[in-house]
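>>> Sequence first, predicted coordinates after that:
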Amino acid sequence: MQKYVFKSQNFEAIKLPVIAERSGKEWIDFGQGNLYPELLIELYNNSAMHHTAIDAKADAITGEGIVKFGSTPMNSKGETLDDIFEKIARDYLIFGGYSLNVIWSKGGDAIAEVYHLPFNLVRSGKMNEDEVVDEYYYSSDWKQARKFKPSAYKSFDITDNKGDNASQIFYYFDYTVGNSYYPLPSYVGAVNDIDLDARISRFHNSNISNGLAPSMMLTFRNGIPTQDEQDEIWRDIENTFAGEDNAGKFFVNFAEPGREPTVETIENANDDYYITLESRVSSRILTAHRITSGLLLGIKDATGFSSNADEIQTSFNHFLGTVIIPDQKRILKSLTKIMGWMGYNVKLEVDQSQILYTQPVNTSTVDQTNIIE
């Protein structure tokens, strides 16, 4: 007799990362499996709302670039200060910090080159007796740390910067309560809502793609067929009724009385439930990013303003003053330190972009000859 066993699957909520030393390792683990930054990347890639919020904030922080000095060359690859600024701004928003590979001149009296290091590829070494991190570790893939062995680099130091220590890692993050080694992103309180946003999207996609399941149970009452016959029946039903292209098709049934198949509807949550859930998730994600109006992300909603333009401009001004400019100042303050050791004793400022352009675009000035072929 065939036995049927039903099992439930539990999905755990995302917890704050455990930051701890691990025996035999020179670096400090960052979350489960030392992969918390990779989890943040996954959230960024899978949640449309969160992704858009990060990109909108990054665009606002970088604006039109750094005034006067944005085109300053930073390394032998030809990257400019603006190029570096754009990368570290996005890292700062996703992870709560950023990292740079700083290379000193042979004499150690100036910084010769600066390269962006993806923040997720750097781990902190242990603190010394003065509670200072002497080294940071870089690996191109922490999931396979045995294969891609981490390399140690001297932490940023303006005195011990010659020879093997000429190539250093500048590791920046804001003060984080309770964490001395790693930062937490500003949206950390909403990571489960961000994860839920991605799950809701996959749920609806699966519902449309699968069509029949799990909304119905089809029972045949003419005996139990062999396993091969069961598989064939399953494939026939799936090919005929599952998927968005098969919506609206009907059954044709030929059966003796008492042996006809039965179709039972499995009740799911109603549409109002998902609408309410999606609204709650969206609200919490926007709150975590301190975005007061969804219009800043292109989300239309009922407002008390005379026009959407009024709300957009008012919300953007508030957004600049409470979120963007403070983040700009923190990033530029640390970059100014680096630029000073490159010989540029300047105050860095951003050419702030506008969210609404009132001047019409003169399309007649476009050189049509460049787009004919």
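Received, thanks.
>>> Any idea what residue 125 is bridged to?
Judged by DSSP bridges, the bridge partners of residue 125 are residue 27.
>>> Just give the number of residues close to it.
The number of residues packed near residue 125 is 21, by other C-beta atoms under 10 Å. No exception for glycine: its C-beta is placed from N, CA and C like everyone else's.
>>> do the one 4 residues further on as well
Counted with other C-beta under 10 Å, the burial measure for residue 129 works out to 5 neighbours.
>>> mind checking pLDDT for residue 181?
pLDDT, residue 181: 97.
>>> how about residue 104, what does it touch?
Residues near residue 104 by C-beta atoms under 8 Å, 6 or more residues apart in numbering: 110-112, 161-162, 166-168.
>>> ok, now residue 76?
residue 113.
>>> so it is in which element?
When elements are defined using DSSP states H and E, residue 76 is found to belong to no helix and no strand.
>>> By residue count, what's the longest helix in this structure?
helix 191-210 (DSSP state H).
>>> Only C-alpha atoms, please: export that one in PDB.
Provided in PDB are the C-alpha atoms of helix 191-210 (Å, rounded to 0.1, in the frame of the first residue of the first chain):
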ATOM      1  CA  VAL A 191      15.200  43.600   5.800                       C
ATOM      2  CA  ASN A 192      12.400  41.100   6.400                       C
ATOM      3  CA  ASP A 193       9.900  43.400   4.600                       C
ATOM      4  CA  ILE A 194      12.400  43.600   1.700                       C
ATOM      5  CA  ASP A 195      12.700  39.800   1.600                       C
ATOM      6  CA  LEU A 196       8.900  39.600   1.800                       C
ATOM      7  CA  ASP A 197       8.500  42.000  -1.200                       C
ATOM      8  CA  ALA A 198      10.700  39.600  -3.300                       C
ATOM      9  CA  ARG A 199       8.700  36.500  -2.000                       C
ATOM     10  CA  ILE A 200       5.400  38.100  -2.900                       C
ATOM     11  CA  SER A 201       6.600  38.800  -6.400                       C
ATOM     12  CA  ARG A 202       7.800  35.100  -6.800                       C
ATOM     13  CA  PHE A 203       4.500  33.900  -5.300                       C
ATOM     14  CA  HIS A 204       2.400  35.700  -7.800                       C
ATOM     15  CA  ASN A 205       4.700  34.700 -10.700                       C
ATOM     16  CA  SER A 206       4.500  31.000  -9.600                       C
ATOM     17  CA  ASN A 207       0.700  31.200  -9.300                       C
ATOM     18  CA  ILE A 208       0.400  32.500 -12.900                       C
ATOM     19  CA  SER A 209       2.900  30.100 -14.300                       C
ATOM     20  CA  ASN A 210       1.500  27.000 -12.500                       C
END
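>>> After that helix, which helix or strand is next? Please name it.
Taking DSSP H and E, what comes next after helix 191-210 is strand 216-219.
>>> what angle sits between the next helix or strand after that next one and helix 191-210?
Of the helices and strands lying after strand 216-219 in sequence (DSSP H and E), the nearest is helix 227-241. Angle, helix 227-241 to helix 191-210, by axes from the mean of the first three to the mean of the last three C-alpha atoms, to 10 degrees: 100 degrees.
>>> Check the offset of helix 227-241 from the chain's centre.
Here the centre of helix 227-241 is set off from its chain's centre by 40 Å, with C-alpha atoms, centre = their mean, to the nearest Å.
>>> So which elements touch whatever helix or strand comes next after that helix?
With elements assigned by DSSP H and E, the helix or strand that comes after helix 227-241 is strand 262-265. Contacts defined by 3 or more C-beta pairs under 8 Å, 6 or more residues apart in numbering; DSSP states H and E place strand 262-265 against strand 216-219.
>>> Alpha carbons only: can I get the strand it packs on in PDB?
Provided in PDB are the C-alpha atoms of strand 216-219 (Å, rounded to 0.1, in the frame of the first residue of the first chain):
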ATOM      1  CA  MET A 216      -7.400  22.900  -7.200                       C
ATOM      2  CA  MET A 217      -7.300  19.200  -6.300                       C
ATOM      3  CA  LEU A 218      -8.300  16.800  -9.000                       C
ATOM      4  CA  THR A 219      -9.300  13.300  -7.800                       C
END
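>>> Report the distance from it to the chain centre.
40 Å.
>>> What pairs with it, parallel or antiparallel?
strand 262-265 (antiparallel).
>>> Outline the domain layout of this protein.
Here the domain parsing of the chain from automatic domain parsing is 25-187+292-366, 209-269.
>>> Could you export these as JSON lines, including distance to residue 286?
Output for the domains of the chain, formatted as JSON lines (distance: least, C-beta to C-beta, whole Å):
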{"stretch": "domain 25-187+292-366", "distance to residue 286": "6"}
{"stretch": "domain 209-269", "distance to residue 286": "24"}
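>>> So what's the residue count around the closest residue to residue 220 other than its chain neighbours?
If the residues on either side of it in the chain are set aside, residue 220 comes closest to residue 261, at 4.9 Å by C-beta to C-beta, 6 or more residues apart in numbering. Close neighbours of residue 261, defined as other C-beta under 10 Å, add up to 12.
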